[in-house]
Every structure is written in structure tokens, then in C-alpha cells.
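Asker: Just need the structure, nothing else, for what follows:
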Amino acid sequence: MALSIQQSIKALSIEGRASLLRDFYGYGVGAPGPLSLLEQAKLLQAQYINLNIIRVGVEHFTYEDEQDIDRAVYDARKYFAAAGIGIGRVQHWQIPSAEADGFVVISDEDEAEELTDVWSVANDGLDVFMVRFFTTEEEADGLSAVSGPCHKSDTEMTGTVVEMLGDSGTGLMLAHQLAHYLGLDHHEEDGNLMQQIVSGIALNEEQINTLKAHCAIKATNH
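Answerer: So this is what the prediction gives:
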């Protein structure tokens, strides 16, 4: 039986007077593009993930950065929808620079891993740490464990770290790192989302099946 929008909101554990843009879609500034309530409700009847977007050094984030985050969520939602996976509840969190313990700039992978160890959100969403500078020797733009744990008490890396890249880059990097967390390693086929230097959004059937098998994937009808 099809879920109504109200049932979909309830399934995401959104309580009280819900805002469609803020609570159902997770956009803080505004919708970056056209929205389909029907398409979003359908994805939430199938398989989906919830996200926590965590700004590290929040006072350094500009209005343009907030727009970039909304666009990144919007784009990642499209890329995952093409694989039959929804992005459901998106909640927004912040860490002031004074409390960030030097993690405002990530200078190596150990710092990125430690950031996810020190901070986490006590819910079922995947933690995504947005940083304005990710300046490692590997010249990467983010980091995630491959097939990350489902319990945030785990000793492994329990979130993903994504650099603010602007334009379409942040959305590609967000989707790429989330796919790592959900089980995908690098894949060097041209146009694949998991190329080490991301240049496309394609995922093959085997990759999609791997994503859907991860324990962080939720299903309303199960």
C-alpha cells in the first residue's frame, strides 16, 4: 500500500509541525532545484539512508557555503535515486571552532578518522562532517571507511568527511564518500561514481546490490 506524505514523515521520525523543505528534504537555505514529493515518497517506501550534516567550525561557513551544502544533498539524492536508494531524513548540526579541537582544517587521514571518533550524533543517520579545508598529502577531497560500521560505538571510522568544493564538486564528493561507507571501493571505469578522481555518477548492478546490502540501509516496508 502506498505511503502518504504524512506517513513518510512519520517513518522518518519527524515529529511536530513539519516543514517540507527543512524536515522532509533537509534543505536549510532553500530548494536548489525542482522537487517531486511523489518521487521522494516512493523512494522512502523502498530503501534509503538518513544523514546528519555536521559543519565543523560553523562560524566560518558563509551563506554561499550553506547553499553549497543544500546543492550537495540535492545532487547526492539524485545520484542515489538513480540506483533506487533514497536519502530520507537530513538533520543539520554544527561544531564551533572553539570546540572542534583543531579539526577545522583536516591535514591528514588520521585527523579525519579522529574527528569521527570524537564527534557523533546519537541517531540512526550517517554522520557527514563538512570541512572547508581537507589538505592531506594524498590530495583527496574527503575520507570514509569502506563498508563502515553501523554502530557509532565501533572503533572504526564511524562517519565520512567531505571537503566543501563548490559547484557540483561537493555533491559528487558527498555521494562518493557515502558510497564508500556503504561498501564500495574505488572502481576505475570511466564515468563511474567510484573513480578515484570522480568524473561521473554511474554505478553498475553489482555496485548497487552492494550498496543495498549494507546494514545502514533502511526500508519502510520491512
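
Asker: So which residues of this protein form strands?
Answerer: Using DSSP state E, the strands assigned to the chain run over residues 47-56, 85-95, 105-106, 126-131, 133-134, 142-144, 159-163, 218-219.

Asker: Nearest residue to residue 87 in space, ignoring adjacent ones along the chain?
Answerer: Excluding its sequence neighbours, the residue lying closest to residue 87 (CB to CB, 6 or more residues apart in numbering) is residue 77, at 4.5 Å. (C-beta placed from N, C-alpha, C; glycine too.)

Asker: Then residue 48?
Answerer: Spatially, and ignoring its direct neighbours in sequence, residue 48 is nearest to residue 86 (3.4 Å; CB to CB, 6+ apart).

Asker: For that neighbour, which residues are in contact?
Answerer: 40, 43, 44, 46, 47, 48, 49, 77, 80 (CB atoms under 8 Å, 6 or more residues apart in numbering).

Asker: Redo those as CSV? Include pLDDT.
Answerer: Converted to CSV, these look like this (pLDDT from 0 to 100):
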residue, pLDDT
40, 85
43, 84
44, 84
46, 86
47, 93
48, 95
49, 95
77, 95
80, 97
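
Asker: Go through the residues you listed and say which is closest to residue 183.
Answerer: In terms of CB to CB, no member of the contacts of residue 86 lies closer to residue 183 than residue 49, at 12.1 Å.

Asker: Please report the number of neighbouring residues for that closest one.
Answerer: The burial count assigned to residue 49 is 23, neighbours taken as other CB atoms under 10 Å.

Asker: Alright, that wraps it up for me.
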